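Sequence first, predicted model second:
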6 protein chains.
Amino acid sequence: MNSIKLNDISLQLCKPSAVNALYHKSDQALPSLDILHKIISLLKSVIFPGYFGNENLSPDTLHYHMTAHLDNVHQLLTSQLIAGLCFDCKKSRCLGCEKEGREAANQFMLNLPELRDMLSGDVLAAYEGDPAAKSPGETIFCYPSITAMFHHRIAHAIYKLDMPLIPRIIAEMSHSSTGIDIHPGAQIGKNFFIDHGTGVVIGETCIIGNGCRIYQGVTLGALSFPKNENGTLIKGVPRHPILEDNVIVYAGATILGRVTIGSGAVIGGNVWITNNVSPGARIAQEHNANN
Amino acid sequence: MNSIKLNDISLQLCKPSAVNALYHKSDQALPSLDILHKIISLLKSVIFPGYFGNENLSPDTLHYHMTAHLDNVHQLLTSQLIAGLCFDCKKSRCLGCEKEGREAANQFMLNLPELRDMLSGDVLAAYEGDPAAKSPGETIFCYPSITAMFHHRIAHAIYKLDMPLIPRIIAEMSHSSTGIDIHPGAQIGKNFFIDHGTGVVIGETCIIGNGCRIYQGVTLGALSFPKNENGTLIKGVPRHPILEDNVIVYAGATILGRVTIGSGAVIGGNVWITNNVSPGARIAQEHNANN
Amino acid sequence: MNSIKLNDISLQLCKPSAVNALYHKSDQALPSLDILHKIISLLKSVIFPGYFGNENLSPDTLHYHMTAHLDNVHQLLTSQLIAGLCFDCKKSRCLGCEKEGREAANQFMLNLPELRDMLSGDVLAAYEGDPAAKSPGETIFCYPSITAMFHHRIAHAIYKLDMPLIPRIIAEMSHSSTGIDIHPGAQIGKNFFIDHGTGVVIGETCIIGNGCRIYQGVTLGALSFPKNENGTLIKGVPRHPILEDNVIVYAGATILGRVTIGSGAVIGGNVWITNNVSPGARIAQEHNANN
Amino acid sequence: MNSIKLNDISLQLCKPSAVNALYHKSDQALPSLDILHKIISLLKSVIFPGYFGNENLSPDTLHYHMTAHLDNVHQLLTSQLIAGLCFDCKKSRCLGCEKEGREAANQFMLNLPELRDMLSGDVLAAYEGDPAAKSPGETIFCYPSITAMFHHRIAHAIYKLDMPLIPRIIAEMSHSSTGIDIHPGAQIGKNFFIDHGTGVVIGETCIIGNGCRIYQGVTLGALSFPKNENGTLIKGVPRHPILEDNVIVYAGATILGRVTIGSGAVIGGNVWITNNVSPGARIAQEHNANN
Amino acid sequence: MNSIKLNDISLQLCKPSAVNALYHKSDQALPSLDILHKIISLLKSVIFPGYFGNENLSPDTLHYHMTAHLDNVHQLLTSQLIAGLCFDCKKSRCLGCEKEGREAANQFMLNLPELRDMLSGDVLAAYEGDPAAKSPGETIFCYPSITAMFHHRIAHAIYKLDMPLIPRIIAEMSHSSTGIDIHPGAQIGKNFFIDHGTGVVIGETCIIGNGCRIYQGVTLGALSFPKNENGTLIKGVPRHPILEDNVIVYAGATILGRVTIGSGAVIGGNVWITNNVSPGARIAQEHNANN
Amino acid sequence: MNSIKLNDISLQLCKPSAVNALYHKSDQALPSLDILHKIISLLKSVIFPGYFGNENLSPDTLHYHMTAHLDNVHQLLTSQLIAGLCFDCKKSRCLGCEKEGREAANQFMLNLPELRDMLSGDVLAAYEGDPAAKSPGETIFCYPSITAMFHHRIAHAIYKLDMPLIPRIIAEMSHSSTGIDIHPGAQIGKNFFIDHGTGVVIGETCIIGNGCRIYQGVTLGALSFPKNENGTLIKGVPRHPILEDNVIVYAGATILGRVTIGSGAVIGGNVWITNNVSPGARIAQEHNANN
């Protein structure tokens, strides 16, 4: 059946020149998507007890399930943070990465109560922001906004601990499932709600205040990437918008560059913004007027 | 290894004040995503026999497989509709929810032949609407439009029976997989086709006629949510567009509010509409002319 | 419990008139999504060794794993290409389809080294195009652009061998997971990068040069579908844009019809283009200036 | 890490001389343990409805589930019988095996009602034979005797159709799970019960009447295997015991050769028998008397 | 392909007369083997922490994992005990069974510490009884004796609470995997060890003292089942052997009837015993002497 | 629902005194049954190519699949041998165990060709020894004798490398599935066949020559375990039988102690042997004669 020479094809594919860029040589374990999914799933049981995992939690035993889940998260996350650090260093038996990853995992655990408060606000925002929602529980159970913010608040907490790769993988899990692309670096205040959500992009250096709400297809992006004299992209420079408190951005609007949208401003659908907007302003597509 | 005190974190997470909003206390079973996926999968075998499930159906045995699948759907759906009703009522051994869910499941089964006729029209519309489609079967097998309409027509049939939660979960399954977000309340006529689809949003009170076609990124949304004197959102008020028969809406167009797009009208890409459009009209971006 | 007559419903659903359009009668195996997922997964191990599949590949044994994976891909793909051909022909024991599918699978294997070179360029483009990427490996591991191009380059290679259905299914796998919809027919040059990506649509007859970059929500579509005198859509006519080398298209831009965007041109966000654009031109939304 | 030369080992293992006896070269599919387990599982739902598979069968829908299961069994079993026939013939595209396997599968289906009657008797025998059994249902649910007889009656029905390999595989499934080793060729009458069962061996040419009962560790074996003039074993010659109706054989007894144990005889524990036993006789270990 | 009439076969199989004995009609859930396996698996984590389930238990978090596991066991076991009670009663919404099952599950939980002490002794007995065992841990990890006693001590604890069916199913799980068949009713003292084990049978009314040891193929059975005047088997009558403390029974020995084997007695291999044996006696096969 | 205090039970179960013997504290990974099953499954593909794993092996690609499997086996086995060594040492980051395990895994790989030759002989012996076997392939596919010898020859090869725990676990896998209990230490010559097999026990220091055959329920055991002056069992002392070449032992026979069964001897069923047997002798139950 193999009239073709698979071996020849294989030799071509294995030539050092061909293989170089795309071959990961390391005896350190790679981060594992399966374990990261398990961590996310355990954290859902921790943050939203009774909705996910064991459904029959009684107040008597809640504390024990919670601590057991935390222990599992802690161990698994430690291994993944180390794997993320080793992904690039590629050294063998990397004790430096191990210490660093272990400390970051510890710190992440300490941040969980705060992370949960933030998500509590997001659930409230989703419930109040969508006239179709019948209870906060419904938004926990099936709203893309909660899925996106749950992943983002975890990814952001890990990002702030200077851990590589893992925050991005967690963000892409949510991106793939919701169509909402939030960079782990984005700073998002309390009570944030994204309605519908598909196509939303929120960039790395965005700062979003409390009580903001955005709709599908909104981009909070960069106008251009600053480069140094060698033409290399400079990382970390603030280049995405700032939204002050209670800003609303309707579907398809695009806000680019380090501009500030003042508190309470409302940006209309499909509008294109590259300058600051005053607090309380209402910006709409110009040609709407006579449409 | 646990130099950090996981127990302290757990105690913080379990404090009644912290846990309140995000803790689901009930001994009623929650709706189950796994069972809902199984229901959807069984319904695919019922609606598109030979494409999904047992592939070697002969005309002799089709009827038996069909009835067996219907029995399984009926039992599983009954349990999920009851779980959806109990999700909010939170009463124990809730006989009211049980009776209501059981009757709704019965009614849903009776609606299946009509639901199938509608989907038959959607398959035809997809086949005729896409020059790349080689057979209706191809659209059944892999077109996002068929995935979206399959879920929507099921979700809408359940929505009309006043069942909570379950229609929304079914709609979000499809939203997550196709990027097409159709509210279960939307009324959609025969032979509907969505090309590409990612980013489409169709609101709760939309009414769409027969033979319509829309493209990726189209929003059929609300201009604003009406509130009552207390500032609370009023639900169920008609606030989304009406599309009469044979309307085409090209990619990225936004139609907002309770406006009527007349029969046979064509709305150009990226156009922003908040007023009625006459039958047969062709609306395009103004600034295209001299582009 | 079954006070309703499931059998009656089943009889309605099985009526030949009702069942006709939606019933696939054939004793040939249908293409299998499970096997296609397995093929994609094996090809990931072939193209990106060490990132997927067995993680501990040493240079000593790489060649053997590679050849074994290729043999598995070859056998599985052969079966799927035949199933795709038989999907429409519906003849029993179809030797014609078997021969055709077998030859196409052979040819696909021979194209793998070239396909890998192309993907190597796409990885480089992703790494260089995103200031947040810390290593090419990171883009292989979790960037939607690489997921989309990996599926597309495979689907396109199969499409060029005139195989039906399978390329489309592979494209939809990626569409569902990334929100990026690239028709398998699209011809895309080296070093292509799609940032964020959700909502991107690239049509069947697109031709894209080397070094191009596009952002989320970009449509490279057709203005209209040409019909013959009978009003039937004519397939295969060039109707989508040509992008020459090094073109950049920012988020939400729409380019429609068989227009040519000249080498090095930059198309601004949300711009609507239906005419040719000169090499090196910069096109931006007009009303941005005074926004 | 691979200081050892795996390739050298592989070359040794692949030498034609080494590989010959243990290498199965054929492009016909092998019988599949997974599919055979599925067949057994479907047959459990057919024979013991309500105990296995869908538990909520109502008399209204029983018939439909039954027929759908039968159709699935029929298709899967056909494929496995053909695979069993091809296992030795090793011809490619073997139409002879296909026809033969298909006819045998048809015949097996026709034998199912009789097979079920036999199992109904075995369930009764288990219930009446074990003072601990509270209901016939309990024996269906968890008695090794029923597991063993369920597999045997299926394996024997296939064995009588001259199908190779598959009956043996089905027998070994049961042997592995119960420790009861019944050759598919053994002819066993109605209402048979095996108590405890581990270590029971029943040979190929055994004939067992109605209403017999045996205990753990009983061997119904051959004294020696007859050989022809070339010293080759002659197959199919009657060489195992005949048990007439209502015989009881207690634990650890061994009965060897083509002897007849007369109707109603009782063979004591650990007894060794190589001669005929008269009807109604009670045989016990001689040295028990004064033990 | 279906030249045979599957429907006719199905009708035969569904005839009320045919179906009667083998058809379980009930809308109560049956006991679930999957859930019982899960309960066993959770109990392994509870009884042997660090060997099964989460392997990285620290003394700090042990208590939380333990309590969480106990809560899961408690809920799952409650459901299974109720299902076991309903298996025969077949009443709908059976509140009596529910109350009874719930109380028995509570009581079982209270017995766990004692059950664990017993198993601790069995582990020690296995370690000391087998010269090949290198550590107690090794016996926990892979000795059939521990598997058998783990299941038996659980099954016996449930049996003592008068729960039907479930103890037998748990016993058969172990029987199938180890070839050791211990009736849940058997009373077994501390530090019990079964070497090799295949073929061992221990009857319902056996009473075994502390420190006993038995080998493969040993039967502790009944001579005959007492019947009442109607010829019906009388249940629960003591009819199996009593082994006092520190008795050893070598491979293949058979002890039948309500006899007492005195403390410290040693029963030789393959010996057949139907009378009492004095304390300290050594019984061997008579014909061994001059063998 | 939890009127019982699970927490109190948990505290009892966690008391250091209670937990001591049964709690495995170590941060080294335990051996994994899942990985050991995977190793066994890969080795089946290596030893019996075409029967297990990829069924469509061509002579062209056999070598590549073989080497890839060997590489996977090598890596997985290395990890398991290290885990087995660390199981008792319980030291953290145990470099000694790592080196030792790695070397043993290397050596095991080198022994594979010889191991395969032995299994080739066992297949032949099974085929020739069972008149029912139609081809050697059938014995590979479903005979318990081959399953038992496959596991034993692997376990024995690892045992000879002084690796703890892992050989025993592999032996118990086979014991559980076949009812044949062969200690990994037993030395078994070429062309060994076990018919039926349930209940067979072969002790640690047995030496079995070439061409032997044994039946179900045969014990090759020790008369007693030698102890040193402290009463502790002495390990490794030869205490099990020696079978010279071509010995046959019929069902249920028991041979105990360091006796030698001479070449070509035949031991009858249920016979009890504790002395040497001369070459060519035929030993049968004495009381058979006049039975």
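Alright, I've got the coordinates. Numbering: from 1, shown residues only, chains lettered A, B, ... in the order given.

per-residue pLDDT, the residue of the stretch 51-200 of chain A found nearest chain F?
Here the stretch 51-200 of chain A gets closest to chain F at one residue, residue A:60, 5.1 Å apart by CB to the nearest CB. In this view, the C-beta of every residue, glycine as well, is placed from N, C-alpha and C. Looking at residue A:60, its pLDDT is 82.

That one contacts residue F:6, doesn't it?
Yes - when contacts are counted by CB atoms under 8 Å, residue A:60 is listed as touching residue F:6 (7.4 Å).

out of these two, which sits in the more crowded spot?
residue F:6 (24 against 16; other CB atoms under 10 Å in any protein chain shown).

Spatially nearest residue to the more buried one, not counting backbone neighbours?
Closest residue to residue F:6 apart from its sequence neighbours, by CB to CB, 6 or more residues apart in numbering or on different chains: residue E:70 at 4.7 Å.

Check the one you found and give its pLDDT.
Reported pLDDT for residue E:70: 94.

Which strand or helix spans it?
Here residue E:70, judged by DSSP states H and E, is contained in helix E:62-89.

Sort out which residues of that helix are buried, please.
Across helix E:62-89, burial judged by 16 or more other CB atoms under 10 Å in any protein chain shown covers E:62-87.

same deal with stretch A:28-36?
In stretch A:28-36, counting by 16+ other CB under 10 Å, buried: A:28, A:30-32, A:36.

Show me what it is in contact with.
With contact meaning CB atoms under 8 Å, 6 or more residues apart in numbering or on different chains, stretch A:28-36 is reached by A:24, A:76, A:79-80, A:83-84, A:86-87, A:90-92, A:94, A:165-166, A:169-170, A:173, C:51, C:55, C:141.

show me the contacts for the spatially closest residue to residue A:280 that is not a sequence neighbour.
Spatial nearest neighbour of residue A:280, chain neighbours left out: residue A:264 (4.7 Å); criterion: CB to CB, 6+ apart. Counting by CB under 8 Å, 6+ apart, residue A:264 makes contact with A:244-247, A:279-280.

cool, and residue A:201?
Contact analysis of residue A:201 by CB under 8 Å, 6+ apart lists A:181, A:218-221, C:196, C:198, C:216, C:251.

please redo it, this time with the cut-off set to 7 Å
A:181, A:219-221, C:196, C:216 (CB atoms under 7 Å, 6 or more residues apart in numbering or on different chains).

one step back: for the residue nearest to residue F:6, list the residues it contacts.
So residue E:70 contacts E:46, E:109, F:6, F:9-10 (CB under 7 Å, 6+ apart).

and with 10 Å instead?
Contacts for residue E:70 (CB atoms under 10 Å, 6 or more residues apart in numbering or on different chains) come out as A:61, A:64, E:42-43, E:45-46, E:109, E:112, F:2, F:4, F:6-7, F:9-10, F:13.

Tell me the one of those residues nearest chain D?
Nearest to chain D among the contacts of residue E:70, counting by CB to the nearest CB, is residue E:43 at 18.9 Å.

which residues are in contact with both of residue A:60 and residue F:6?
In contact with both residue A:60 and residue F:6: E:67, E:71, using CB under 10 Å, 6+ apart.

can you map out the helices along the stretch 1-150 of chain A?
A:6-14, A:16-19, A:33-47, A:62-89, A:95-110, A:112-129, A:136-142, A:144-159 (DSSP state H, counting those that start in this stretch).

By mean pLDDT, show me the worst of these.
Lowest mean pLDDT within the helices of the stretch 1-150 of chain A: helix A:16-19, a mean of 67.

Among the contacts of residue E:70, which one lies nearest to residue F:284?
Looking at the contacts of residue E:70 and their distance to residue F:284, the nearest is residue E:43, at 48.3 Å (CB to CB).

which among the contacts of residue A:201 are in contact with chain B?
residue C:216 (CB under 10 Å from any CB of the partner chain).

Make CSV from the contacts of residue A:201 and add neighbour count to it.
Shown next, in CSV, are those (neighbours: other CB atoms under 10 Å in any protein chain shown):
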residue, neighbour count
A:181, 26
A:219, 30
A:220, 29
A:221, 24
C:196, 28
C:216, 28
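
Mind checking which of the contacts of residue A:201 land in strands?
Among these, DSSP state E puts A:181, A:219-221 in strands.

before we move on, back to that, and which of the buried residues of stretch A:28-36 is nearest to residue C:154?
Nearest to residue C:154 out of those is residue A:30 (CB to CB; 22.5 Å).

Wait, residue A:23 touches residue C:52, no?
No - Residue A:23 is beyond contact range of residue C:52, at 11.5 Å (criterion: CB atoms under 10 Å).

rewinding a little: help me confirm that the residue of the stretch 51-200 of chain A closest to chain F comes into contact with residue F:8.
No - taking CB under 10 Å as the definition, residue A:60 is not a contact partner of residue F:8, at 11.3 Å.

residues bridging contact with those two, i.e. touching both?
With CB under 10 Å, 6+ apart as the test, residue A:60 and residue F:8 both reach residue E:67.

Surely residue A:79 and residue A:101 touch.
Yes - Residue A:79 is within contact range of residue A:101, at 8.0 Å (criterion: CB under 10 Å).

What is the burial count for the closest residue to residue A:88 other than its chain neighbours?
In space, and not counting its chain neighbours, residue A:88 is closest to residue C:135: 5.3 Å by CB to CB, 6+ apart. Counted with other CB under 10 Å, residues neighbouring residue C:135 total 15.

Just list whatever residues bridge to residue A:52.
residue A:49 (DSSP bridges).

What distance do you get for it to residue D:114?
Distance from residue A:52 to residue D:114, counting by CB to CB, to the nearest Å: 51 Å.

need the contact list for the residue in chain A that chain B sits nearest to.
Nearest to chain B in chain A, going by CB to the nearest CB, is residue A:50, at a distance of 3.3 Å. By CB under 10 Å, 6+ apart, residue A:50 lies in contact with A:56-58, A:62, A:65, A:137, A:140, B:19, B:22-26, B:30.

How about the residues of the stretch 51-200 of chain A by chain C?
Near chain C, the residues belonging to the stretch 51-200 of chain A are A:84, A:87-88, A:90, A:164-166, A:168-173, A:175-181, A:183-185, A:197-200 when assessed by CB under 10 Å from any CB.

Do a quick rundown of the helices in the stretch 151-291 of chain A.
Counting by DSSP H, counting those that start in this stretch, the helices of the stretch 151-291 of chain A are A:166-178.

What count of nearby residues applies to the closest residue to chain D within it?
Using CB to the nearest CB, residue A:165 is the residue of the stretch 151-291 of chain A that sits closest to chain D, at 24.4 Å. When neighbours are counted by other CB under 10 Å, residue A:165 registers 24.

For residue A:274, see how far away it is.
Taken as CB to CB, the span from residue A:165 to residue A:274 is 32 Å.

Tell me the residues of chain A that contact chain E?
Counting by CB under 10 Å from any CB, chain A comes close to chain E at A:54-58, A:60-72, A:74-76.

who are the neighbours in contact with the residue lying closest to residue A:246 once chain neighbours are set aside?
Closest residue to residue A:246 apart from its sequence neighbours, by CB to CB, 6+ apart: residue A:211 at 4.4 Å. The contact partners of residue A:211, by CB under 10 Å, 6+ apart, come to A:121, A:125, A:129, A:189-193, A:244-248, A:263-264.

Residue A:152 now?
Counting by CB under 10 Å, 6+ apart, residue A:152 has contacts A:118-119, A:122, A:159, A:167, A:170-171, A:174, A:180, A:182-184, A:186, A:188, A:192, A:194, A:202.

Is it possible to mark the buried ones in these?
A:118-119, A:122, A:159, A:167, A:170-171, A:174, A:180, A:182-184, A:186, A:188, A:192, A:194, A:202.

With residue A:220 as the reference, measure out to residue A:256.
For residue A:256, the distance to residue A:220 - CB to CB - is 8 Å.

I meant to write residue A:161 there.
Going from residue A:161 to residue A:220 by CB to CB gives 24 Å.

Check whether residue A:6 really touches residue C:105, as I assumed.
No - here residue A:6 does not reach residue C:105: they are 11.3 Å apart, not a contact under CB under 10 Å.
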